[in-house]
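Chemist: predicted coordinates and the sequence they were generated for:
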Number of protein chains: 2
Amino acid sequence: MSEKKQVEAITAMDEDFARWYTDVVKKAELADYSSVRGCMIIRPYGYAVWENVQRDLDARFKATGHENVMMPLFIPEGLLQKEKDHVEGFAPEVAWVTHGGSEELAERLCVRPTSETLFCEHYAHVVQSYRDLPKLYNQWCSVVRWEKTTRPFLRTTEFLWQEGHTMHETAEEAREETERMLNVYADFCEQSLALPVIKGQKTDKEKFAGALATYTIEALMHDGKALQSGTSHYFGDGFARAFDIKFTARDNSLQYPHQTSWGMSTRIIGAIIMTHGDDRGLALPPAVAPVQVMIVPVASHKPGVLCKAEEICQRLAKVCRVKTDVSDQSPGWKFAEHEMKGVPVRLEIGPRDIENGQCVAVRRDNLEKTALPLDGLEESIPALLAAVRDGLYQKARNRRANMTFTARDLGEMKDISQNKPGFIKAMWCGDLVCEEKLKEEAGVSSRCIPFEQEKIADTCVCCGKPARNMLYWGKAY
Amino acid sequence: MSEKKQVEAITAMDEDFARWYTDVVKKAELADYSSVRGCMIIRPYGYAVWENVQRDLDARFKATGHENVMMPLFIPEGLLQKEKDHVEGFAPEVAWVTHGGSEELAERLCVRPTSETLFCEHYAHVVQSYRDLPKLYNQWCSVVRWEKTTRPFLRTTEFLWQEGHTMHETAEEAREETERMLNVYADFCEQSLALPVIKGQKTDKEKFAGALATYTIEALMHDGKALQSGTSHYFGDGFARAFDIKFTARDNSLQYPHQTSWGMSTRIIGAIIMTHGDDRGLALPPAVAPVQVMIVPVASHKPGVLCKAEEICQRLAKVCRVKTDVSDQSPGWKFAEHEMKGVPVRLEIGPRDIENGQCVAVRRDNLEKTALPLDGLEESIPALLAAVRDGLYQKARNRRANMTFTARDLGEMKDISQNKPGFIKAMWCGDLVCEEKLKEEAGVSSRCIPFEQEKIADTCVCCGKPARNMLYWGKAY
């Protein structure tokens, strides 16, 4: 057994994108498979990414007035059934607990696939007056949906997420909240994750079970497939009526409050991998990278090198997440390893660099090398990390622009869908029949009705009747 | 319906301790009941306490080299059965998932009651060489144990906790880890939560299913019952053998690694309530209080009062978690409300205070009032918060000292157990028969064999044969 690890190549993206993806997940040590059907193990490196996602999002939730709570893991079957559309959407894909200890349960419990029903039951206890509103709650937890085919982060039976659930005095306030939280998600994706997203509304066919309206942010992956990256739902008072949640309004009348929910999950790590990654492996946006800067000493046996590396590390620890790789692997091995793990910036420092009072910085986004003076690294490194974020973002935006097409009729739609991976912008009449036909004949689903509308044509891409909206269409994860 | 809330009295502690406890949980808005058998809802205020517990503990775990991961929620029945003692201990109290969607599962899955088996399965994948050791993992999650009788925080079917799981090259390293993490728990309880704890080892009867040794910290509640507040287990290589986890050692031989696990749960919130609380409600140690300082403006309609309160709030926000209560309730109502919620320090400020350049600080631990100059609040308030922590700690230590008794024979043991709530120190021969007899005849269980031994007598309190150790005994939650 060799003591030194080998840098194993991963499958090239162009050769087999799905294999490239699982290779990255494995080699970057993000996740491992478990013997539990469809459930993954999130390894320390992957979980550290999730912790950074959580910290960033949680601060945004708190800044917009939300509080965290914890609801039960289980939902009694009767409770799940209270809202008709909701149970129809979720009942087919839940896990059922039928026995506790050695007893058979009188009523089955499902493992929560989402928690609207649990929140509603609690709201019925704590919402009595307009003074109790709004309730702006969120929880960080895992949920379970019995999926047939699974892939790490993208679709797993159990996944980690946050689910916000809010109750409001008026429909207008609830609609504002739905939009506010979609914007929180979009800002987080664009600013922190360097993921360009399209904001829009789901069609009735694609909306959440029980919602009046579902808003979404859609990102485009390297292979041209779309990934729904976060959703925000407006429920009106449908659940409130089903759960008999009433409050005394300002005019002393009894009213039903208006509700929203919104969620983002570990799926977002899949979006990061498939947007920024390349044939060298993962590329992490600095805001969520567990290690933002990895210092690699070169010719580290020479006097002064390790000591200098350690000194730089201590200085940089005040401005970023930094580590020094002092393992006994070769520098070349370390370069490949930290590129595989997507570390945003690598700092190489050897005897000659020290003589020249500099080090060499290598950006993960474009592999550009720059010599940086050792004086002032506390300013130059944060600037470089910001540049890496911008570089990742621009690359993703450019790729999306190059992979966004326009179709005016069914023929064009089929042609693009078969030959050009990416988003397809096309007009739609609003009819479910056309939406289903496009799925069947062109293999595309509606991604969203974007808030930023363009008029591509006057008529529906499918039936030729007058069009209502421009939609993004595509293949999706 | 009255617009102003009423301050409702809670049951007095001496009248009915159990009712006092549930009153505090409810009135301080820590938790609510759900329709799911034995599962609680943790409300924003209670969850904010838990977030502070998490943040503090997590920093201690990371400072000792641990990394967070996420294992699946489910354990296949076959996996749970791999370690014999472990399955015997847990199988009777797990929830079983038998159906996924509409299909019956070929193998039942239990909802994790604890995750040793899942960690072991993963270790078998990732531990090959001594270079892969130690593995120092932790996860924050919820677990489920099918309890017959439940009480918020103290014993619930589902509860939140962290579970550390580590693997080591040698037995000695694993034993050191077990002790290190017990000390982390003890330091956290004493320093951050102001909870005095006894550190010691569990008897074989009371140890964790599958462990070679279980260490514990035991706290004494207001009513004289003990509460096990955190445990740390040493497993030797028993699980490693059962799961066939082997590594190539430094001498090239194949070895089994040595394992530990350790956990602390939302139960600790129960310990805070029952140690520091009083007839006015909760009293929170400043380190985990969601609001450390509540500013209450008095005669707030007078010009300048609200403005001054807001100015102080902004200044103090830099050194503590502070809020101003600007609701339209009376000052008296607010005083009672924030005492009920256990806010460590209340600052009262009215027109006369402003004239005198001062405010009045009221400590929650002893209700002492002090006039504090407005200049220098940034220094005096953190000092006062530290004093509140010390005050809570000293009060708890004094109470424990007054409620710790010594028994030399079975008669004394029975007498104390019937008449004097608290810890009983007594010698033990080491025989299970005596331990069971003391349970049956005196109604006490062994709490721990404390690391700090005292010689109370030469002979066992029960059988009179030569004694091996001094133990703490008592009634327990």
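Modeler: Sure, I can see it.
Chemist: report the buried residues of the helix or strand hosting residue A:438.
Modeler: Per DSSP states H and E: residue A:438 is located in helix A:432-442. The neighbour-count check on helix A:432-442 (16 or more other Cβ atoms under 10 Å in any protein chain shown) flags A:434-435, A:438, A:442 as buried. (C-beta placed from N, C-alpha, C; glycine too.)
Chemist: tell me the one of those residues nearest residue B:288?
Modeler: residue A:435 (51.7 Å; Cβ to Cβ).
Chemist: identify the residues contacting the closest one.
Modeler: Applying Cβ atoms under 8 Å, 6 or more residues apart in numbering or on different chains, we find residue A:435 in contact with A:203, A:205, A:428, A:445-446.
Chemist: and which of those residues is nearest residue A:293?
Modeler: For the contacts of residue A:435, the nearest to residue A:293 is residue A:445 (40.7 Å; Cβ to Cβ).
Chemist: chain neighbours aside, what residue packs nearest to whatever residue of the stretch 301-450 of chain A ends up closest to chain B?
Modeler: Closest to chain B within the stretch 301-450 of chain A is residue A:327: 9.4 Å, counting by Cβ to the nearest Cβ. Among residues not flanking residue A:327 along the chain, residue A:334 sits closest, at 7.3 Å (Cβ to Cβ, 6 or more residues apart in numbering or on different chains).
Chemist: buried only: go through the contacts of residue A:435 for me.
Modeler: A:203, A:428, A:445-446.
Chemist: out of those, which are inside strands?
Modeler: Those of the buried ones among the contacts of residue A:435 mapping onto strands are A:428, A:445-446, per DSSP state E.
Chemist: just give the closest residue to residue A:437, not the sequence neighbours.
Modeler: Residue A:437's closest residue in space is residue A:462 (Cβ to Cβ, 6+ apart), at 5.6 Å.
Chemist: looks like that neighbour contacts residue A:429 (just checking).
Modeler: Yes - in this structure residue A:462 lies within contact range of residue A:429 using Cβ atoms under 8 Å: 7.4 Å.
Chemist: where do the helices sit along chain A?
Modeler: A:17-27, A:44-63, A:77-80, A:84-90, A:116-126, A:171-187, A:238-242, A:267-276, A:305-316, A:331-340, A:351-355, A:377-402, A:410-419, A:432-442 (DSSP state H).
Chemist: show me what the shortest one is packed up against.
Modeler: Read that as helix A:77-80. Using 3 or more Cβ pairs under 8 Å, 6 or more residues apart in numbering or on different chains; DSSP states H and E as the contact definition, the elements that helix A:77-80 packs against are helix A:84-90, strand A:103-111, helix A:116-126.
Chemist: sheet-wise, list the partners of the second one with their directions.
Modeler: It stands for strand A:103-111. strand A:74-76 (antiparallel), strand A:95-100 (antiparallel) (DSSP bridges).
Chemist: and the ones you listed, which is most packed in?
Modeler: strand A:74-76 (a mean of 25; mean count of other Cβ atoms under 10 Å in any protein chain shown).
Chemist: pLDDT of that strand, averaged?
Modeler: Strand A:74-76 carries an average pLDDT of 96.
Chemist: domains of chain A: list them as residue ranges, please.
Modeler: Taking automatic domain parsing as the criterion, chain A consists of the domains A:17-276, A:289-388, A:404-474.
Chemist: okay, these, which one's buried deepest?
Modeler: domain A:17-276 (a mean of 20).
Chemist: for it, what is the distance to the chain centroid?
Modeler: 12 Å (Cα atoms, centre = their mean, to the nearest Å).
Chemist: quote the end-to-end distance of it.
Modeler: Distance across domain A:17-276, first residue to last, is 13 Å (Cα to Cα, to the nearest Å).
Chemist: ok and the residue in the stretch 201-350 of chain A nearest chain B?
Modeler: Counting by Cβ to the nearest Cβ, the stretch 201-350 of chain A gets nearest chain B through residue A:248, at 5.8 Å.
Chemist: let me have the buried ones among the contacts of residue A:435 in a markdown table, adding pLDDT and distance to residue B:228 as columns.
Modeler: Output for these, formatted as a markdown table (pLDDT from 0 to 100; distance: Cβ to Cβ, whole Å):
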| residue | pLDDT | distance to residue B:228 |
| --- | --- | --- |
| A:203 | 97 | 54 |
| A:428 | 98 | 62 |
| A:445 | 97 | 53 |
| A:446 | 98 | 55 |
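Chemist: include distance to chain B when you put those into TSV, please.
Modeler: Output for the buried ones among the contacts of residue A:435, formatted as TSV (distance: Cβ to the nearest Cβ, whole Å):
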residue	distance to chain B
A:203	25
A:428	32
A:445	22
A:446	26
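Chemist: residue with max distance from the center of chain A?
Modeler: residue A:303 (45.5 Å; Cα atoms, centre = their mean).
Chemist: need the pLDDT of that residue.
Modeler: In this prediction, residue A:303 has a pLDDT value of 90.
Chemist: may I have the phi/psi pair for it?
Modeler: Torsion angles at residue A:303 (phi, psi; degrees, to the nearest 10) stand at phi -60, psi 140.
Chemist: which residues touch the spatially most central residue of chain A?
Modeler: Nearest residue to the geometric centre of chain A (Cα atoms, centre = their mean): residue A:268, 2.0 Å. Contact partners of residue A:268, counting by Cβ under 8 Å, 6+ apart, are A:53, A:189, A:193, A:229-230.
Chemist: please tell me how far the closest residue to chain B within the stretch 351-477 of chain A sits from residue A:144.
Modeler: Per Cβ to the nearest Cβ, residue A:477 is where the stretch 351-477 of chain A lies closest to chain B, at 20.5 Å. Separation of residue A:477 from residue A:144 (Cβ to Cβ, to the nearest Å): 19 Å.
Chemist: if we can go back for a sec, now the domains of chain A as JSON lines including distance to residue B:27?
Modeler: JSON lines is the format used below for these (distance: least, Cβ to Cβ, whole Å):
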{"stretch": "domain A:17-276", "distance to residue B:27": "13"}
{"stretch": "domain A:289-388", "distance to residue B:27": "42"}
{"stretch": "domain A:404-474", "distance to residue B:27": "45"}
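Chemist: so for residue B:85, which of those domains sits nearest?
Modeler: domain A:17-276 (18.1 Å).
Chemist: if we can go back for a sec, surely the residue nearest to residue A:327 meets residue A:324?
Modeler: No - Residue A:334 is beyond contact range of residue A:324, at 10.5 Å (criterion: Cβ under 8 Å).
Chemist: low-confidence ranges, chain A, go.
Modeler: A:1-8 (pLDDT under 70).
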